[in-house]
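Engineer: no FASTA, just this:
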């Protein structure tokens, strides 16, 4: 409750899923949907539905051939009513997948990554205003440093950008679409100082690095961004700052960064 009363709705038992890294999404039917990183019939993770009262139904157990280990990304519900997500491993080549799942649990592997077009998508997807899905991969691509991709609802994938380390590397987080129609995201490594970047990408794939982190101003942003009502973007870094414990930052759409807080072990 808002006052802090906690109720455990479901305890996983491995057979119905284990280690849910990602959060939940509430479907248009009022139920909640999510994934577990491990567990299920083959121990490669699950996708599940849960009623508001806590009745859980395992909708799909991943088998590696159709994907394995849905990681930090949860599900999103597309405008067609289906759910979409990623797995960090498994699929035809073992480099992860993008999948579609109906509310009743019928799963279709839309794309199996092959390393050359990306590998290990830790983050989830967003659906752009054009109806396509957009996401990132942690590795793979032309330079082995990860990618940004676009995918149609039928599974046609286009690699929009392959990171080259100099412009960022190994994005853990996904993308957001700004009010200007462009996409914004972070890489936890690479860039001019090796401490990660913030980037903007047009829907056609033109990428501009807006910020190269230096350790003093923050380093290694594992999480993505949100856009505030003031139009600026906000995010966090895992490390760096005045106490080397990470930061909270604000960035204007043009890339001017302000460190709002440097964490210390005391706070």
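Structural biologist: Now that the structure is in, tell me what you want to look at. Here the structure is a predicted model, which means the values were calculated and not measured.
Engineer: Show me the helices in the protein, by range?
Structural biologist: Here the chain has no helices by DSSP state H.
Engineer: Excluding chain neighbours, what is closest to residue 142?
Structural biologist: Leaving aside its sequence neighbours, residue 142 sits nearest to residue 162 (CB to CB, 6 or more residues apart in numbering; 3.8 Å). Using the backbone N, CA and C atoms, a C-beta is placed for each residue, glycine as well.
Engineer: From what I see, residue 224 and residue 186 are in contact.
Structural biologist: Yes: in this structure residue 224 lies within contact range of residue 186 using CB atoms under 8 Å: 5.9 Å.
Engineer: And those two? Which one has more around it.
Structural biologist: The residue with more neighbours, out of residue 224 and residue 186, is residue 186; 29 against 22, by other CB atoms under 10 Å.
Engineer: wait, residue 179 sits on residue 231?
Structural biologist: Yes: with contact defined as CB under 8 Å, residue 179 reaches residue 231; the gap is 6.9 Å.
Engineer: What does the most centrally placed residue in the chain show for phi and psi?
Structural biologist: Residue closest to the mean C-alpha point of the chain, counted by CA atoms, centre = their mean, is residue 123 at 2.0 Å. When read as degrees, to the nearest 10, the backbone of residue 123 gives phi -90, psi 170.
Engineer: Can you give me the distance of the residue nearest to it when sequence neighbours are not counted to residue 128?
Structural biologist: The shortest distance from residue 123 to any residue other than its chain neighbours is 3.5 Å, reached at residue 174 (CB to CB, 6+ apart). Going from residue 174 to residue 128 by CB to CB, to the nearest Å gives 12 Å.
Engineer: Which residues are in contact with each of the two?
Structural biologist: Shared contacts of residue 174 and residue 128, defined by CB atoms under 8 Å, 6 or more residues apart in numbering, comprise residue 134.
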